[in-house]
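Enquirer: For reference, the sequence and a predicted model appear below.
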Amino acid sequence: MLDVLVGLVAGLLILAGVLVMLGPNAKSLFRRFVSLRRRRPSLAVFQPSRPRELASPGMNPKTQRVLVAAARLGNWLRARNQEELARELRSAAGRITSDEPAGPEYVPTFPTKPWPIKTRQLLGHLSGVRNYSESDGLSTRFYSSLTEALSIFKDDPLDFEPGTKFSYTVYGYTLLGTVIEGASGMSYIDYMRENVFKPAKMSHTKADNVYDIIPNRARGYGPKVYGQFDGNLRNAALADTSYKIPAGGLVSTVEDLANFAIAVQNGVLIMKETFEQMSRNQKTRDGQETGYGYGWYVGRREGREPDGSVWHGGVQQGFTSDLWILPNKHFAVVILTNLEGVLTTIALYIRAATTPLPPPPQGGGE
């Protein structure tokens, strides 16, 4: 998801914010847009060569004082052209806050659970918050806010004690979005617009609000028989994604996601050290690696040797998408298509785009 909170709470959650965005989120940004009429995948391959003081009233008082002091010092450093030091300070504040409980301190409407849930655990799908059911995923209800969307799952018990198991959960990122709102005093979308979309030059990325007129919003399709891609298509099932904006409720373009991949690698959104932290394989309490970092998968990808890749794909009604980043080569691939369920085909596109050509034959043979 990341510049995640304003000013230094833009430092506080620079970690969470941009991480969330990926988290979705990585599913967050991976959901839409090709062209209105085209059904072929859209492919992008590229090689990227005044905070304000703010702290949540419910935050641990010691953490709050650290954040305010760091914000003031960050302003002082930036005024003296010490942007690198200010960025390091912001990153450190983010590390402090990522260990804050993600419950009533930030989200008063989320009930206290038997165990505290940390922001890091939400980012890494280690929280125990349940995922959506099949009927949830087909919902056409509009939620006017993320806080309202919490009503779907907030009273349900956790599936397990946080930190003991990896289980992918869209609702965990919905909760994380409300944490960002509680810590920043802004709506999730407003915060992301000011601290992620604008700095990364993502001018076409916004909430997929069913009531908004969004120019060139693509229509989604699916195969008549799910998983059978023989040219027989149908219109996608109706769905309203307002319940999961941080985890699959945005529209975007390949150009915007390319800009995001460039910004996240080039220090525009986060420091190199924060990027490395996001890309570190998380572990359960008993030491089992999860294959997931903060907002994206890490390590080996289909058909490839381990190469430091990070990626996230997503499928929902009418759309399939993938963002794949190879940090060691400053290289990324973005694929968006308005056809549901073609992740395997997308993986083949990525493999073709990123696999070196074989050397030419030696000698004069045919």
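Expert: Happy to help now that I have it. Numbering: from 1, shown residues only.
Enquirer: show me where the stretch 251-366 of the chain has helices.
Expert: When assigned using DSSP state H, counting those that start in this stretch, the helices of the stretch 251-366 of the chain occupy the ranges 254-265, 272-278, 343-354.
Enquirer: Spit out the contact partners of Thr140.
Expert: With contacts defined as C-beta atoms under 8 Å, 6 or more residues apart in numbering, Thr140 is in contact with 238-240. Just so you know, the C-beta spots here come from the backbone N, C-alpha and C atoms, and that holds for glycine as well.
Enquirer: Show the buried residues in those residues.
Expert: 239-240 (16 or more other C-beta atoms under 10 Å).
Enquirer: just the contacts of Thr140 now: which is nearest Lys206?
Expert: For the contacts of Thr140, the residue nearest Lys206 by C-beta to C-beta is Asp240; the value is 15.3 Å.
Enquirer: tell me which element the closest one falls in.
Expert: Following DSSP states H and E, one finds Asp240 outside all helices and strands.
Enquirer: still on that earlier bit, least reliable of the helices of the stretch 251-366 of the chain going by mean pLDDT?
Expert: Ranked by mean pLDDT, the helices of the stretch 251-366 of the chain end with helix 343-354 in last place, scoring a mean of 67.
Enquirer: Regarding Tyr211, which helix or strand does it belong to?
Expert: Going by DSSP H and E, Tyr211 is not part of any helix or strand.
Enquirer: how much space between the closest residue in space to it that isn't next to it in sequence and Asn195?
Expert: Counting by C-beta to C-beta, 6 or more residues apart in numbering, Tyr211 lies nearest to Phe142, which is 7.4 Å off, once chain neighbours are set aside. To Asn195, Phe142 is 26 Å away according to C-beta to C-beta, to the nearest Å.
Enquirer: what's the answer for Gly291, then?
Expert: Going from Gly291 to Asn195 by C-beta to C-beta gives 28 Å.
Enquirer: Looking at the two now, which is surrounded by more residues?
Expert: Asn195 (27 against 12; other C-beta atoms under 10 Å).
Enquirer: any idea of the pLDDT on that one?
Expert: 89.
Enquirer: quick one on the thing from earlier: next, work out how far apart the residue nearest to Tyr211 and Leu238 are.
Expert: Using C-beta to C-beta, Phe142 is found at 12 Å from Leu238.
Enquirer: any weak-confidence spans in the stretch 101-250 of the chain?
Expert: For the stretch 101-250 of the chain, applying pLDDT under 70 flags the ranges 101-105, 137.
Enquirer: Could you pull out the strands in the stretch 201-350 of the chain for me?
Expert: Using DSSP state E, counting those that start in this stretch, the strands of the stretch 201-350 of the chain run over 206-207, 221-223, 233-235, 250-251, 297-298, 310-316, 319-326, 331-337.
Enquirer: Show me what the second one is packed against.
Expert: Contact analysis of strand 221-223 by 3 or more C-beta pairs under 8 Å, 6 or more residues apart in numbering; DSSP states H and E lists strand 233-235 as its packing neighbours.
Enquirer: Give the pairing partners of the strand it packs on; include direction for each.
Expert: Strand 233-235 sits in its sheet next to strand 221-223 (antiparallel), going by DSSP bridges.
Enquirer: Residues contacting the strand it pairs with, please?
Expert: Contacts for strand 221-223 (C-beta under 8 Å, 6+ apart): 39, 229-230, 232-237, 317-318, 338-341.
Enquirer: Export the strands of the stretch 201-350 of the chain to CSV and append columns for distance to Thr174 and mean neighbour count.
Expert: As requested, the strands of the stretch 201-350 of the chain are exported to CSV (distance: least, C-beta to C-beta, whole Å; neighbours: other C-beta atoms under 10 Å):
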stretch, distance to Thr174, mean neighbour count
strand 206-207, 13, 18
strand 221-223, 24, 19
strand 233-235, 27, 12
strand 250-251, 13, 26
strand 297-298, 20, 20
strand 310-316, 14, 22
strand 319-326, 19, 26
strand 331-337, 22, 25
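Enquirer: Looking at those, spot the one closest to Phe153.
Expert: Phe153 lies closest to strand 310-316 among the strands of the stretch 201-350 of the chain, at 17.8 Å (C-beta to C-beta).
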